[in-house]
Structure formats: structure tokens, C-alpha cells
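> below: sequence and its predicted model.
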Amino acid sequence: INAFANPQRAAETPWQYTSPDQNSPKAHIALLQKFQAAIPHIVPKDPELVSPRLWHPDFHAGNIYIDDQARISSIIDWQGAWTTPVFIGANPPLLLDYSVDILMKLPDNFKELDQATKDQFRHRVSQSILIHEYETLTAKKNPLMSKAMQHPHGQTLKQLEAFAGATWDNCLYPFKECLIHVQSKPCPYHFSAEEIQEHYGEAETFNKSQELWKGLQGILTDEGYASNESFTKAVETLKGLREVGLANLMGEGRCNFDKATSWVADLGA
């Protein structure tokens with residue numbers, strides 16, 4: 001990174017949060033050194049969890065063929081298959097939303113709530129029940145998967161593995177977030193109170209960015225991908241976001257935003 005990283009201002013996605021340290025090679029190296037020091041302390045010691053497995057990365061209905069007896073007859077799209085340890089490769093089904101706060105029943109005043117709030121509670125409860133059932137059955141039928149999911153740093157390890165190789169692709173902030181989580185248990189590095197306070201001072205802006213892209217799931221990704229089916233909707237969304245930005249910004253900020261998003265105006269033309 002010291003030798004080849006370009007410390008000049010990188011191209012930014014206007015609606016994607018970028019850390020103030022994103023273009024600082026020193027900031028990247030400092031965090032990567034913390035990650036390197038932490039590896040021996042956070043990687044599972046259980047031989048089963050570190051043993052390699054072959055993983056299919058794209059299990060969904062379109063890639064799984066079922067015969068007339070409801071048995072799996074074929075699985076396609078193996079081009080992205082990879083070999084990695086269980087603690088990295090094991091993931092719960094995508095239909096489970098682990099971001100919800102667990103709630104096993106609707107509140108007593110449910111009938112008095114507005115429709116949007118009702119929908120939110122229904123989603124929380126339905127996901128909570130699904131997650132409970134999945135974890136209960138997994139513990140009985142797939143104990144290795146259950147063990148992987150219960151590892152203290154399970155989800156953080158997956159995120160660290162992903163972000164460590166992509167810090168220069170605007171992943172410095174979430175990478176640091178993971179390392180701060182690791183610090184909650186004994187580890188060989190330490191973030192000062194000032195560093196943590198500064199990091200969480202950026203959290204509101206980062207979270208708003210994440211919420212925006214989560215809301216666009218199925219229409220547009222934060223990398224700019226849209227399927228043929230969602231392309232028209234994605235164009236409409238981007239143009240709407242550009243209009244909102246231009247209406248709310250002033251001065252140099254507006255000029256910079258206008259220049260950075262000028263390509264949006266030409267979409268679908």
C-alpha cells in the first residue's frame with residue numbers, strides 16, 4: 001500500500017459514505033496491522049471449524065433442480081465455487097434477516113398502530129420465529145453449522161475476511177468497525193477513547209448510507225448493478241436522488257454534487 005496506493009482523492013459514489021481516512025495509506029496499514037495481530041486470537045481453535053470445505057456461493061431456487069419425487073436432481077452454476085474454512089464459508093439462508101431485534105409475538109396494542117408500523121412488527125415477529133426454528137433444527141440436524149454460528153467472533157470474522165481485502169474499495173470504515181468489535185474481548189491492540197469517539201461520530205452518516213442501499217435492495221446495488229428487469233426503476237431512483245440532492249445542497253457542495261452525478265441525467269436518454 002505504501003508503495004503503490006494512490007493517496008489522491010478517489011472517485012466516490014455520492015450516495016455512499018466515505019471515511020475521511022479512506023485515501024490515507026497510513027490509516028489502511030495501521031488497521032491491517034491490527035487485523036494481522038488479532039488473527040491468532042480470534043480464529044477458532046476447533047479443528048472442525050478451521051477445516052476446509054467446498055462451498056457453492058449461490059444457492060437459490062434457480063440453481064437447484066428438483067425431480068418429480070421432490071429430490072434434488074442437479075445443482076448448477078458452480079463457477080464461483082471455492083474452498084474455505086467452515087467458520088468463513090458457513091452462512092445461514094438468505095431468507096433470514098438477522099438484522100431484526102428478536103420479537104416472538106406482536107405487541108398488545110398492535111391493532112391501534114398505523115399500517116406501516118404493523119408491517120414492521122409483522123416482519124420482526126415472522127423473522128424471529130423463522131430464526132428460532134432454523135437455529136433449533138440446525139442444532140439437531142447440522143451441529144457443525146450450529147457450532148460455526150455460535151462462535152464468539154463468527155459474523156465479525158466473515159466481515160473482517162471480506163473487508164480486509166477491500167479496504168481501498170471504500171471499506172475502511174466498516175473494517176475499523178469490525179476491529180473495534182473484536183476489541184471487546186482480549187486482543188493484542190487497543191483503540192483509544194478518542195479514536196472510538198471519532199469513529200462513532202461518523203456512524204450516523206454511515207448508517208444513513210447503509211439504510212439507503214438496503215432500501216434499494218433488488219433494484220440497485222451500491223456498486224451500481226441493476227438487472228434488466230429493475231433497470232428502469234433504478235434509473236428513476238437515481239434521477240430522483242439527484243433531484244433531491246440538488247434541491248437541498250448549496251454553494252460548492254451543490255456544484256461538486258452536480259458534477260459528480262451529471263451522468264445520471266443522461267441515463268435512459
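Great, that's in hand.
> how near is the closest residue to Ile75 other than its chain neighbours to Ala81?
Distances taken as C-beta to C-beta, 6 or more residues apart in numbering place Ile64 nearest to Ile75, at 5.6 Å, with adjacent residues excluded. The way it works is simple: take the backbone N, C-alpha and C, and place the C-beta from them, glycine included. Taking C-beta to C-beta, to the nearest Å as the measure, Ile64 and Ala81 are separated by 14 Å.
> neighbour count winner among these two?
Between Ile64 and Ala81, counting by other C-beta atoms under 10 Å, Ile64 is the more crowded of the two (14 against 11).
> would you list the phi and psi of that one?
phi -120, psi 120 (degrees, to the nearest 10).
> buried stuff in the helix or strand hosting Lys259?
Assessed by DSSP states H and E, Lys259 sits inside helix 251-260. Within helix 251-260, the residues scored as buried using 16 or more other C-beta atoms under 10 Å are Phe257, Ala260.
> now do the next helix or strand after that helix: everything it contacts.
Next helix or strand after helix 251-260 toward the C-terminus (DSSP H and E): helix 262-265. Contact with helix 262-265 is made by Leu238, Lys239, Leu241, Arg242, as judged by C-beta atoms under 8 Å, 6 or more residues apart in numbering.
> can you give me the angle the host helix or strand of the third one makes with helix 251-260?
Element membership of Leu241 [criterion: DSSP H and E] is helix 231-248. Here helix 231-248 points in a direction 160 degrees away from that of helix 251-260 (axes from the mean of the first three to the mean of the last three C-alpha atoms, to 10 degrees).
> now do helix 231-248: which elements does it pack against?
Other helices and strands packing on helix 231-248, by 3 or more C-beta pairs under 8 Å, 6 or more residues apart in numbering; DSSP states H and E, are helix 251-260, helix 262-265.
> now that helix: mean pLDDT?
The average pLDDT for helix 231-248 rounds to 83.
> what's the answer for stretch 44-51, then?
pLDDT averaged over stretch 44-51 gives 95.
> one more: stretch 107-121?
93.
> contacts for it next, please.
For stretch 107-121, using C-beta under 8 Å, 6+ apart, the contacting residues are Leu103, Leu106.
> end to end, how far does it reach?
8 Å (C-alpha to C-alpha, to the nearest Å).
> mind checking how far that stretch is from the chain centre?
Stretch 107-121 sits 28 Å away from the centroid of its parent chain (C-alpha atoms, centre = their mean, to the nearest Å).
> in that stretch, what counts as buried?
Under 16+ other C-beta under 10 Å, stretch 107-121 has no buried positions.
> how about stretch 148-163?
For stretch 148-163, by 16+ other C-beta under 10 Å, it's Ala148, Met149, His151, His153, Gly154, Thr156, Leu157, Lys158, Gln159, Leu160, Phe163.
> what comes up buried for stretch 259-269?
Neighbour-count burial for stretch 259-269 [16+ other C-beta under 10 Å]: Ala260, Thr261, Val264.
> likewise stretch 82-91?
Result for stretch 82-91 [16+ other C-beta under 10 Å]: buried residues Pro85, Val86, Phe87, Ile88, Gly89, Ala90, Asn91.
> I'd say the second one and Glu48 touch.
Translated: Val86. Yes. The criterion here is C-beta atoms under 8 Å, and Val86 meets it with Glu48 at 6.6 Å.
> who touches both of the two?
Leu144.
> so where's this protein shaky on pLDDT?
4-15, 223, 268-269 (pLDDT under 70).
> could you measure the residue nearest in space to the middle of the chain against Leu241, distance?
Taking C-alpha atoms, centre = their mean, the centroid of the chain lies closest to Gln159, which sits 7.8 Å from it. According to C-beta to C-beta, Gln159 and Leu241 sit 27 Å apart.
> same check, this time on Ala166
With C-beta to C-beta as the criterion, Ala166 and Leu241 are 24 Å apart.
> more crowded one of those two?
Leu241 (17 against 12).
> if I look at that one, how far off is Tyr225?
16 Å.
> tell me the secondary structure at Glu204.
helix (DSSP: H, G, I helix; E, B strand; the rest coil).
> what number of residues lie near it?
10.
> would you mark the buried spots in stretch 232-243?
Result for stretch 232-243 [16+ other C-beta under 10 Å]: buried residues Ala234, Val235, Thr237, Leu238, Leu241, Arg242.
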